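Visitor: The following comprises the amino acid sequence and a computationally predicted model.
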Amino acid sequence: MKPAIIFAFCLITLKLSAQKTYETALIPKDLLPYASAVIRENEVNVEVKDLDNTLIHVKTAITVLNKNGDDVAHMAVFYNKSMSIKYIKGIVYDEFGKQISKFSESTFSDESAAHDFSLFEDTRVKHYIPPVTQYPYTIVYEYEVRSKQSLNFNDWSPNSSPATAVEKSTYIFTCKPDFNIRYKEINLASKVVLSTDKSGLKVYTWQANNLKAFRPEPFSPDKESYLPSVKIAPENFEYEGIKGSFTNWKELGKWEYDKLLQNRQYIPEQTADHIKEITANITDPKLKAKKVYEYMQAKTHYISVQVGIGGYQPFLASDVDKLSYGDCKGLVNYTRALLKLVDIDSYYCVVEAGDRKVSFLKDFASMAQGNHIILCIPFKNDTTWLECTSQKIPFGFLGTFTDDRVVLACTPQGGVLMHTPKYDASTNRQQRRADFTLNPKGELTGDMTTTFKGTQYDDRDYLFEESPTEQNKMIQKVYNINNLTVQKLDIKQDKELQPTTTETVKFTARDFGIDESGKIRFNLNPVDHIGTPPRDVRNRVNDVYINDGYTDEDEITYTLPAGYRSTRTPFNVSINKPFGKYTATLATKDGKLVYKRSLQIIDGTYNKDLYPELIDFYEKVGEADRYGVILTKEN
């Protein structure tokens, strides 16, 4: 054999011997419990070459053990005008580590990542799902993208998916000696390793090994409170040609105010004159602000805009005024400008919006922590918050989308952390009063009035967009009373400073009480139930977390058919726990049954050892809610 051939053969042999094998049998056995997928290795390399040039290289190997793990193997690579994909490639192996197929960027589906409510959004996504139905299998892929900015870096979260174990995950951040970062390590077993490479670049390395799969547990807190992660923010940066620096929230808020918000609040003269005219006779500043807010709601509608710097910078107020639409940034900026015309100052506030309450970290400032903009009016001793993207939400009402969390207010003096209003269990109130009449055939007729306050105010919002016929169909599903016929339904909303929704229903229900041998049987509480008890979880890991508290109160008076009486003795149920209270009573008065029920769920974080008590609470409340009554005819 010629020397050159021998040399080439040795190279091939070395390459093959260095290549990792992905046999499923090599996965450590202690990583398999509760796992539907195992991340064999994951390495993310982020290199900031210049303020406008960041490279992100990702290499991942995932073994999917069963169908439930397919989502973990679903590749999705996002890109836009500021972030380009350099390459994507990968291989799929069977359980023995034998190659099944290869794939590249041309194999991927490519589609818009814009939301349905977006007008301008240049983000697209390439995604790929391995066409494999034989389990287990392993997908190994790598890709590289180039980002023309140095403001935002994705968090490193080595095991953020339930039922996913991790053999090895590594995050490497590389930058020039004069590029400084701040980082926050959360729930990490090992800390960062700092080094310098051969080129003199700074290298930050984080690594996690042998992370077991975690089970989704009902009533768990936000994952960031118990899973490992790292957040990174720059001291100096560039985004869409705009440079800046910050080390704390005050500096970040100042940059946003100076660079993104300044000189964008001009309102055309005709609109300015109209605003002054409609508020001329209002002396109370809060009522004046309410008038301006309702004008904005009537004139505009929400459309998302996420293109370039438009992902952070609002439309000009004059453009929103002309076009009558904008995204959250544009509508907040426009409302600020309108309020300024009548000498009312307000703050442009960044918030992490969503049904889960997520607050900004007080000790770590970063641009990536917010996804929405709301408005704050700092009236003396009466701070007021406004959601500017809804045409129907009441003035001063936020609801569960942005309530009870720390947000960033951008002021001329800099950023200020503030806390949005908390709607507590006693404020979020549903109160129902009903008068029902039963006839000897078990038919029920009744009138029922329910008021909704606090975060329950918008519980019936979805009905307002429907026709009366559809409203009647939907309300039948709400109450789920057999053979229910709605004769009249009326829903009104009072959008004053303490908003209230009032629902009035008049209905009949055939065979509500089952007639058996002269007896009438029925459930005493047909309109309000706590629902399915939470799942029993042994060896619970997380504390018990209740995101939203509320109070439901019901009083139902049953007029019994002549000559009938209840064979059940009056009952009185009372349950009092740290996380909830429940009472239910039944009394007989003047030939009527009077049923009263009160359920209060108290939001907060509770020790995990209380979880069995929570299950017991739900079960006992459910049992009491199913209390049945038997009516017999007197001789």
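Guide: Received it, and whenever you're ready, just let me know what you need.
Visitor: what's the neighbour count on Tyr183?
Guide: Neighbourhood size, Tyr183 [other Cβ atoms under 10 Å]: 16. Any C-beta I mention is one placed from the backbone N, CA and C, and that applies to glycine too.
Visitor: Going forward, count from 412.
Guide: Right, with 412 as the first residue, what we last looked at is Tyr594.
Visitor: Is it correct that it is in contact with Val641?
Guide: Yes: counting by Cβ atoms under 8 Å, Val641 is a contact partner of Tyr594 at 5.9 Å.
Visitor: for the closest residue to Ser601 other than its chain neighbours, helix, strand, or coil?
Guide: Using Cβ to Cβ, 6 or more residues apart in numbering and skipping residues adjacent in sequence, the residue nearest Ser601 is Gln618, 6.6 Å away. Using DSSP: H, G, I helix; E, B strand; the rest coil, the structure places Gln618 in strand.
Visitor: Could you list everything Gln618 pairs with in the sheet?
Guide: In this entry, Gln618 is beta-bridged to Thr581, by DSSP bridges.
Visitor: Find me the pLDDT at it, would you?
Guide: pLDDT, Gln618: 97.
Visitor: Let me know how buried it is, in neighbour terms.
Guide: Gln618 has 16 neighbouring residues, counting by other Cβ under 10 Å.
Visitor: Give me the common contacts of Tyr594 and Val641.
Guide: Both Tyr594 and Val641 are in contact with Val603, where contact means Cβ atoms under 8 Å, 6 or more residues apart in numbering.
Visitor: residue contacts, the residue nearest to Ser601?
Guide: Gln618 makes contact with 579-582, 601, 604 under the criterion Cβ under 8 Å, 6+ apart.
Visitor: would TSV of those with distance to Lys613 be doable?
Guide: Putting those into TSV (distance: Cβ to Cβ, whole Å) gives the following:
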residue	distance to Lys613
Lys579	23
Ser580	21
Thr581	17
Tyr582	14
Ser601	19
Val604	12
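Visitor: center of this structure - which residue?
Guide: Nearest to the geometric centre of the chain sits Gly765, at 3.3 Å (Cα atoms, centre = their mean).
Visitor: The longest strand anywhere in the chain pairs with which strands?
Guide: Scanning the chain for the strand with the most residues, using DSSP state E, yields strand 448-461. Strand 448-461 has the following sheet partners, assigned by DSSP bridges: strand 464-475 (antiparallel), strand 575-586 (parallel).
Visitor: about what we covered before: tell me the SS of the residue nearest to the centre of the chain?
Guide: What three-state DSSP gives for Gly765 is coil.
Visitor: Leaving out sequence neighbours, find the closest residue to it.
Guide: With Cβ to Cβ, 6+ apart as the criterion, Gly765 has its nearest non-adjacent residue at 6.9 Å, and that residue is Phe812.
Visitor: Where does Ile499 fall, secondary structure wise?
Guide: Per DSSP states H and E, Ile499 falls inside strand 494-505.
Visitor: Please save the CA atoms from that strand in PDB.
Guide: The C-alpha coordinates for strand 494-505 follow below in PDB (Å, rounded to 0.1, in the frame of the first residue of the first chain):
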ATOM      1  CA  MET A 494     -30.600  37.600  11.800                       C
ATOM      2  CA  SER A 495     -29.500  35.400   9.000                       C
ATOM      3  CA  ILE A 496     -29.000  31.600   8.800                       C
ATOM      4  CA  LYS A 497     -25.500  30.600   7.700                       C
ATOM      5  CA  TYR A 498     -26.200  26.800   7.500                       C
ATOM      6  CA  ILE A 499     -28.200  23.900   9.000                       C
ATOM      7  CA  LYS A 500     -27.400  20.200   8.800                       C
ATOM      8  CA  GLY A 501     -28.200  17.100  10.600                       C
ATOM      9  CA  ILE A 502     -28.400  13.300  10.800                       C
ATOM     10  CA  VAL A 503     -31.100  10.900  12.200                       C
ATOM     11  CA  TYR A 504     -30.000   7.600  13.800                       C
ATOM     12  CA  ASP A 505     -31.900   4.600  14.900                       C
END
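Visitor: Now it: average pLDDT?
Guide: 94.
Visitor: Next: stretch 1016-1027.
Guide: Averaged over stretch 1016-1027, pLDDT sits at 95.
Visitor: And stretch 640-648, by the same measure?
Guide: In this model, stretch 640-648 carries a mean pLDDT of 97.
Visitor: Which strand or helix spans Tyr490?
Guide: According to DSSP H and E, Tyr490 maps onto strand 486-490.
Visitor: Sheet-wise, list the partners of that strand with their directions.
Guide: strand 535-539 (antiparallel).
Visitor: now the partner strand, how far from the centre of its chain.
Guide: Relative to its chain's centre, strand 535-539 lies at 23 Å (Cα atoms, centre = their mean, to the nearest Å).
Visitor: Thank you kindly, that will do.
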